[in-house]
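# Show me how the following folds:
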Amino acid sequence: MDPKKLLVVLCALAGLACGAGSSAAREQPPAAVSPPAAQPAPAHEQPRPAKGTVELGDTITLKAGETTEVASKDVSIRFTELVSDSRCAQGMVCVWEGEAVVALTLAEPGRGERTSAELASTGRGGRQSVEFAACRVDLVAVSSGGDQVTLRVSKA
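Purely as a prediction, here's the structure:
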């Protein structure tokens, strides 16, 4: 085994033993394998930018602070903020892939109901979907900068 690779593996194991987790990273050489890319949604489920309303079954992309309405329901969905992001930075090789957690606010204005939910990109540290007012919202993806989320809205 190449001495440099052996050193990297030993350092990564030492980092895990010390509880470093995803912080045990090194610069990635240009030809190295990059983290797996998110799978694109099938053609019939391509995310579309927020245009005010979505239908059940749609996949939609929201920027931080944007709100969309579910057309057949009295429900609004707002991407409030990126709560945390421990994902591996681009150009780095990490021991753990990390996770992004986003906050959503769901409201049913006609009934005066509102709830907040935090969704996690991997489901390891939290849930990946929330149900509210007969709607289910699944977190599909979080942009690399954390300023945009892709959500799938369906019937609960």
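# which element follows the longest strand seen in the chain toward the C-terminus?
Counting by DSSP state E, the longest strand found in the chain is strand 75-85. Sequence order places strand 92-94 as the next helix or strand after strand 75-85, per DSSP states H and E.
# in the chain, which spans are strands?
Taking DSSP E as the criterion, the chain carries its strands at 25-27, 48-49, 53-54, 59-63, 67-70, 75-85, 92-94, 100-108, 113-120, 129-132, 135-142, 148-155.
# hmm, which helix or strand of this protein has the shakiest average pLDDT?
For the chain, using mean pLDDT, DSSP states H and E, the weakest element among its helices and strands is strand 25-27, scoring a mean of 36.
# so where's this protein shaky on pLDDT?
Across the chain, residues meeting the criterion (pLDDT under 70) sit at 1-51.
# who's in contact with the longest strand of the chain?
Residues outside strand 75-85 that contact it (C-beta atoms under 8 Å, 6 or more residues apart in numbering): 62-70, 98-109, 116, 118, 132-133, 135, 137, 142, 146-149, 151, 153. Glycine gets a C-beta too; all of them are placed from N, C-alpha and C.
# Restricting to C-alpha, output that strand in CSV.
Only the C-alpha atoms of strand 75-85 are listed here, as CSV (Å, rounded to 0.1, in the frame of the first residue of the first chain):
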residue,chain,number,x,y,z
VAL,A,75,-51.7,24.7,3.0
SER,A,76,-48.5,26.8,2.6
ILE,A,77,-44.9,25.6,2.8
ARG,A,78,-42.1,27.9,3.7
PHE,A,79,-38.3,27.1,3.6
THR,A,80,-37.4,28.9,6.7
GLU,A,81,-33.6,28.3,7.1
LEU,A,82,-30.7,25.9,7.0
VAL,A,83,-30.4,24.8,10.6
SER,A,84,-27.1,22.9,10.3
ASP,A,85,-24.8,21.4,7.6
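# Would you mark the buried spots in it?
Neighbour-count burial for strand 75-85 flags 75, 76, 77, 78, 79, 80, 82, 84, 85 (criterion: 16 or more other C-beta atoms under 10 Å).
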